[in-house]
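# sharing a model prediction with you, sequence too.
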Amino acid sequence: MSPIQILIKELADQYGRRRECLLPVMQGVIERENYLSEYSIVEIAREMDLPAAEVYGTATFYSFMEVKPMGRFVIRICKTITCSMKGKNQVLFAIQDMLKIKVGETSADGRFTLLQTNCLGLCHKAPAMLINHTPFTNLTPEKVRDVLSDFMKK
Amino acid sequence: MSTKKINIYINGTPTPVEPGTMILDAAKDNGIIIPTLCYHKDLCIAGNCRVCVVEIAGQKRLSAACATPCEEGMEILTNTLKVRNSRKHIIELLLSEHNADCTKCYRNGSCELQNLASEYKIMTQDFIDLVPLKTYSMDMYSPSIIKDNSKCIRCQRCVRTCAEIQGVNALTVAHKGDEMTISTFLNKPMNAVVCTNCGQCINHCPTGALVEKNYIEEVWDAVSNPNLHAVVQTAPAVRIGLGEELGFEPGSRNTGKMVTALKRLGFDSVLDTDFTADLTIMEEGTELLTRLKKALVDKDENVKLPMATSCSPGWIKYIEHMYPEFLGHLSTCKSPQQMFGALVKTYYAKARNLDPDKIVSVSIMPCTAKKFEASRPEMFDSGYRDVDYVLTTRELAIMIKQAGINFKALEESKFDRLMGESTGAGVIFGATGGVMEAALRSAYELVTGREVPFKNLDIKPVRGMEGVKETSIKIENPKQEWAFLDGVELKCAVAHGLVNAKTIMDSIKKGTADYHFVEIMACPGGCLGGGGQPIPTSPEIRKKRTEAIYAEDAHMTVRKSHENHEVQKLYHDFLITPLGELSHKLLHTKYTPRNRY
Amino acid sequence: MGAQYQLNRADFIFKNENDWEEILTKILNQTPQDLINELISSELKGRGGAGFPTGLKWKVAAEAKASRKFVICNADEGEPGTFKDREILERVPYKVLTAMVACGYVIGAKEGIIYLRGEYRFLLEELLKVIEEFEYYLREIGQTFTIKVFMGSGAYICGEETALFESLEGKRGEPRNKPPYPTSSGYMGLPTVINNVETLAHTYTIFKYGAKKFYDLGVQYSRGTKLFSVSGDTPKPGIYELELGMSVQDFVHEFGDGDTKAVQVGGASGSLVPRKKFMDTAIGFSGKLTGISLPTGGSMMLFNSSRSMYNVLDNYLEFFREESCGQCTPCRVGCQQLLIGIKAVKRGDKPASYLDKLIRLTETMQHTAKCGLGQSVANSFSSIVENFREEMIY
């Protein structure tokens, strides 16, 4: 069995194989792989006895479930109005400048993917972003450069 | 025990209804038609198009009539200003994201959105046209189905059909918001996923988003070409469905008119698929008895029982995808369409002294999967492509109208000779249970020398709309050569709609199926409910078509396949014997295991 | 009216006296009917934005007949400008868990689920630790209530109760038809009470201090306190627990930066209150207050005179266009038409009168959309366009 097949089997053993268990299983695969590849979707469908189209249709509904390859670190910067008001665009330009990618793209070394997202619930410390699960708040162009430099070492 | 009715008011009129009745049905029973788009009798309630909204007194928001149950004292208003203005907005919104170039659309004249826009006189479009801003795609890869996203109103009828009626789930809803779309697995073309080509999605699509791939122009070219000899075969379900497209009520039988129309279109020979339906019974019946002998006498463990029919190409593709390890259960017989095609360019060509290269073999089918079947690589056994073009019932109706033929006024004609004779057993192939009944009529008589023990040869237990039907016939006092069947209770099952095929296949997989023979049709009702039949479809319409099929059978003089004279002649002059060498070459086929995902 | 209502702060939610074990015992020593009566007389209404009477919800669910029922905590907080539920789960999670057990006890449910939005994944480890300790205590006192956490994956619409059920069931978060309502057919088609995080925290307050203490705060039809998430052009962004019923004027007096042009009450689904209406607008659930009152999930975003209301509306419409589930026509296409419409008016491709056509469209969306998302777009659209029309055009 391939590593992904083993992972999916373990996830299905842990959460169950009923339809209600689909989201945690997909989340578990994304935790390891950063996205759902065609192979992953087929294997999840097989393990849980679901049609592949259903798994695909369910995954694409959720913004945090990507079916295109993602970088190791997914940057999600909040674009809702309060973060916009507090300087999100400057922070965004700083990120784009530093990583040489535009929103929606992945850096050449496969490390970072830059996305925009909706309200993260960190409005009193705007602008805010997530890198994978970790929040970063009160962002400025300098601060974000520091944060990204740390990630570049990982 | 009858439940106490509740009292509601529809447009001021007090009306008693059963508790739990949806507003839509209560209104219909009182002569009020509320327009719908996402609602369909065959499917679960969606309530997403919001076209059927009505006003309920005391509520600020409008309610969807298809999804709101009546409650005691409810005052429903179906035609207030608020309702009409809202509905107009909804139609305008749908049109704004729709490729509304109707004159270029295949469903021009039969589109439900077009009808609504016409009813509400949407003569201006104040909203902004969203179509240029979208990246709509058109999938023309499948030999049977064309999927055009620019015409999709996202009612999800096709997704529900593929899931609830067929259990195939080739279609899904993907993404959300303005990117919400009807898609396949990873948005692959339809021919690259588990789509069985059954066309039920086409039958249920209200617009031109899903249509069949049509070959009308190719067939016009063929019949107009004096150097080509165009032969056409017609499936049993076509003759009882065609009328619906040409001014007749569902359940009308128009065999004679259909033949005349085809002659007028320019076909050189108008023949009958029912002929090869009878032939299929000969081959498949013999195959079944051979398997039974191998199982019961030779105790051959490799023999696969139950044997399953193989005339429904949607079913074939389904089992190839979903249960590839059970392909050995399928009969190796081709479908009547393909047997016909193989014989046209060999037997018929020889008899008529024609160059097979100059024969164009056309079939009229109630089916879209037949288009796929005709293109399968196994279907070239005549040395040429056995069936060149497959037209659905709908396409034939279009050609008849294009030719200016007044179908209603046509006189009746008979099929041409050599491959045009059929029996009642052949015509019932068009209904679920028909193949089983035809097979039993012949097999039983072959084995015992007596007619099946059912009044008028009507094997009622295999008829009707129940998803899975079972019956058994006890063989007693068979002829000497079939002595091994003495006392055997021949157990049979019939399923229609692929979701019921799954039931049977799962029981075979589990080992709980003790059938000898199963008939499986991909479409609900059998071929008469096929993906190529007139739209709309509904349980009532399919019921009427079923009655018509059995009426055709009852009115025929010969009702058993083995008594078909032309079939007997075919064996005498050409094939020699069922499962003989020539039969194997021309009339039998192989199957291909496919991916489940 | 402004002089009558002061900005009254309170400190019930975040005051942590570490007495939840005692309060839980107190709750379990009362009858379910007593607890329901307590909630009903407190007049607590749902704090997620919809404002349904909590006591009534628990009562109906208690009366439903089923072998299995569920208590669901809706932690899918996603309304722009709202971050109160995160603070509650970070600072006083025991109150929420206690409230869930209380609800289970009242309605006869043994299973509780917290639906936590994917963006708050960083809270998960700590929350699971708390739950583990909590469940350990429950077993000690002989309670069999289990609490699981289910992670969302980035979908604002899953905050809608029936969409949340769909998501919990492993499907796309597309809202269902109502009726049936969650209290008769919710998660897995079984009777379910689904409450917002803050609502549950308030039930804790009520069970601790009694209904009267809660009822005595606030105003008619809007009893008790609410958490407000304050952000934008304010020197004091953060979470504040305030009595309901204050005027926007008093609010701006306390939280504005001296130049407040408008306040968005209730997030993108709420309404924009312009300066000229601050005095006449009260924050509460609709009722017989003079002037307008606005139901809200508590998001308060302040905009000063440097802000363009066009940008604000554009931002909201982008949000709705992306986050709509896409199922129903008025919302899916309506949101696109509204966004493209205001851009066209701004560019001059459409005349200013087109804005009126769009307002009529939002009315249709309000009347015909399948769920609250589509129904609420009209609030911000009409309040912004009507009060700041020039900014939409020039």
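Nice, I can see it.
# ok, the residue nearest to B:Ser224 when sequence neighbours are not counted - contacts?
Leaving aside its sequence neighbours, B:Ser224 sits nearest to B:Gly266 (Cβ to Cβ, 6 or more residues apart in numbering or on different chains; 6.3 Å). To be clear about C-beta, it is placed using only N, CA and C from the backbone, and glycine gets the same treatment. Residues near B:Gly266 by Cβ atoms under 8 Å, 6 or more residues apart in numbering or on different chains: B:Val223, B:Ser224, B:Ala230.
# let's go with 10 Å and repeat that
B:Val219, B:Trp220, B:Ala222, B:Val223, B:Ser224, B:Asn225, B:Pro226, B:Ala230, B:Val232, B:Met399, B:Ala403 (Cβ atoms under 10 Å, 6 or more residues apart in numbering or on different chains).
# could I get those as TSV with neighbour count?
TSV is the format used below for these (neighbours: other Cβ atoms under 10 Å in any protein chain shown):
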residue	neighbour count
B:Val219	25
B:Trp220	15
B:Ala222	23
B:Val223	18
B:Ser224	11
B:Asn225	13
B:Pro226	6
B:Ala230	24
B:Val232	29
B:Met399	20
B:Ala403	14
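# and the residues you listed, which is closest to C:Ser41?
B:Met399 (75.7 Å; Cβ to Cβ).
# just checking, that closest one touches B:Glu218?
No: using Cβ atoms under 10 Å, B:Met399 is not in contact with B:Glu218, being 11.3 Å away.
# between these two, which contacts overlap?
Common neighbours of B:Met399 and B:Glu218 (Cβ under 10 Å, 6+ apart) are B:Leu391.
# how about the strands in the chain?
No chain in the question, so chain A it is. A:73-78, A:112-117, A:129-131, A:134-136 (DSSP state E).
# please go with chain C instead
Counting by DSSP E, the strands of chain C are C:70-75, C:111-116, C:146-151, C:192-196, C:218-219, C:222-223, C:225-232, C:238-243, C:260-265, C:271-274, C:281-283, C:292-294, C:299-304.
# what's the closest of those to chain A?
Minimum separation from chain A across those (Cβ to the nearest Cβ) falls at strand C:225-232, 3.7 Å.
# next, the residue nearest to B:Ser224: phi, psi?
Main-chain dihedrals, B:Gly266, degrees, to the nearest 10: phi 120, psi 10.
# and it, how far is that from B:Val390?
B:Gly266 sits at a distance of 18 Å from B:Val390 (criterion: Cβ to Cβ, to the nearest Å).
# pretty sure B:His329 contacts B:Asn302?
No: look at B:His329 against B:Asn302 with Cβ under 10 Å: they stay out of range, at 11.9 Å.
# quick one, which of the two is more surrounded?
Neighbour totals were compared for B:His329 and B:Asn302, and B:His329 leads with 19 against 8 (other Cβ atoms under 10 Å in any protein chain shown).
# pLDDT score assigned to the nearest residue to the more buried one once chain neighbours are set aside?
Once flanking residues are discounted, B:His329 sits nearest to B:Lys304: 4.6 Å by Cβ to Cβ, 6+ apart. B:Lys304 is assigned 92 on the pLDDT scale.
# and the residue of the stretch 201-350 of chain C closest to chain B?
For the stretch 201-350 of chain C, Cβ to the nearest Cβ, closest residue to chain B: C:Gly326, 2.6 Å.
# how about the residues of the stretch 201-350 of chain C by chain B?
Residues of the stretch 201-350 of chain C that fall close to chain B, judged by Cβ under 10 Å from any Cβ of the partner chain: C:318-337, C:339-341, C:343-344, C:349-350.
# lowest average confidence, helix or strand, in chain C?
Sorting the helices and strands of chain C by mean pLDDT, DSSP states H and E puts strand C:292-294 at the bottom, at a mean of 68.
# rewinding a little: the residues of the stretch 201-350 of chain C next to chain B also near chain A: which ones?
Answer for these near chain A (Cβ under 10 Å from any Cβ): C:Glu318, C:Phe319, C:Glu322, C:Glu323, C:Cys325, C:Gly326.
# thinking again about what came up before, closest to B:Gly314 out of the strands of chain C?
Comparing these against B:Gly314 with Cβ to Cβ, the closest turns out to be strand C:146-151 (38.7 Å).
# who touches that closest one?
A:20, A:23-24, A:27, A:64, C:71-73, C:75-76, C:96-97, C:100-101, C:104, C:110-118, C:120-121, C:123-124, C:127-128, C:130-132, C:134-135, C:138-139, C:164, C:167-168.
# walk me through the domains of the chain.
Assuming you mean chain A. According to automatic domain parsing, chain A comprises the domains A:3-59, A:73-152.
# that answer is for a different chain, and I need it for chain B
B:6-79, B:101-114+B:121-210, B:216-275+B:337-409, B:282-330+B:422-587.
# any residues of chain B in contact with chain A? List them.
Counting by Cβ under 10 Å from any Cβ, chain B sits next to chain A at B:159, B:162-163, B:167-177, B:179-188, B:193-195, B:322, B:595-597.
# kindly apply the preceding question to the stretch 51-200 of chain C instead.
Counting by Cβ under 10 Å from any Cβ, the residues of the stretch 51-200 of chain C near chain A are C:77-87, C:117-125, C:150-158, C:166-174, C:187-188.
# those in helices, which ones?
Of these, the ones assigned to helices by DSSP state H are C:Lys84, C:Asp85, C:Arg86, C:Glu87, C:Leu124, C:Glu125, C:Glu166, C:Ser167, C:Leu168.
# who's the residue nearest to the fourth one when sequence neighbours are not counted bridged to?
Leaving out its chain neighbours, the residue that sits closest to C:Glu87 by Cβ to Cβ, 6+ apart is C:Ile239, at 4.9 Å. Assessed by DSSP bridges, C:Ile239 has beta-bridge partners C:Ser229.
# how many residues are close by C:Ile239?
Look at C:Ile239: counted by other Cβ under 10 Å, it has 20 neighbours.
# verify the stated contact: it with C:Phe255.
No: C:Ile239 is beyond contact range of C:Phe255, at 11.9 Å (criterion: Cβ under 10 Å).
# overlap in contacts of those two?
By Cβ under 10 Å, 6+ apart, the residues touching both C:Ile239 and C:Phe255 are C:Phe228, C:Val230.
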